[in-house]
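Peer 1: sequence-free structure coming up:
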């Protein structure tokens, strides 16, 4: 049985959800923000989700400019990035150490809060981009969850490159060079995003 938070937002969690950040972070979607407050999420988790969501936002903006013919559900990607690790409200040990128990638990938690399975799935898929049924939205959430800290994953990036090349009718090498340049640019702010996350405690 999943035990939920008190529903009372701590001052530390409120700071993690509302501080502008440096670089300045986009605010989470309202429903994701509400969920984290309802669950009394660890402030460090909230800061992490904001960092990954912000990177996803920037990726989508870039894709919209560079690959306008790419069909992608922007709202799903942003909600997925903002909630992909929500299972760590239960498995808090995985905030500071390895573990995958939060993935299935996070999916169930979102379903329990009446989130559509199509929006909740990212809690399960963000760490496995080779499973059945994976589409471009899952890949972008997975990519954001890597590049926010400057981690590069060649096979994941190649899968996204293939989608971009097909949508824009460009040569794969051309699509790869463009996204590689942009990911390098995103990675330049990784230290500041990591520092922002570290400023927020696991336990308020």
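Peer 2: Everything's here; your move. These numbers come from a predicted model, not from an experiment.
Peer 1: What strand or helix carries residue 76?
Peer 2: helix 74-83 (DSSP states H and E).
Peer 1: same question, residue 160
Peer 2: helix 154-168.
Peer 1: which residue is nearest the middle of the chain?
Peer 2: residue 81 (2.6 Å; CA atoms, centre = their mean).
Peer 1: Nearest spatial neighbour of residue 22, chain-adjacent residues omitted?
Peer 2: Once flanking residues are discounted, residue 22 sits nearest to residue 192: 5.7 Å by CB to CB, 6 or more residues apart in numbering. Just so you know, the C-beta spots here come from the backbone N, C-alpha and C atoms, and that holds for glycine as well.
Peer 1: between whichever helix in the chain runs longest and helix 74-83, what angle do the directions make?
Peer 2: Criterion DSSP state H: the longest helix present in the chain is helix 43-66. Counting by axes from the mean of the first three to the mean of the last three CA atoms, to 10 degrees, helix 43-66 lies at 150 degrees to helix 74-83.
Peer 1: what angle sits between helix 43-66 and helix 154-168?
Peer 2: Going by the same axes, to 10 degrees, helix 43-66 makes 40 degrees with helix 154-168.
Peer 1: Output the contacting helices and strands for helix 43-66.
Peer 2: Under the contact criterion of 3 or more CB pairs under 8 Å, 6 or more residues apart in numbering; DSSP states H and E, helix 43-66 touches helix 11-18, helix 30-38, helix 74-83, helix 136-147, helix 154-168, helix 172-187, helix 190-198.
Peer 1: Can you point out the buried residues in the helix or strand that the third one is followed by?
Peer 2: Taking DSSP H and E as the definition, the helix or strand that follows helix 74-83 towards the C-terminus is helix 101-112. For helix 101-112, the buried set under the neighbour-count rule, 16 or more other CB atoms under 10 Å, comprises 102-103, 105-107, 109-110.
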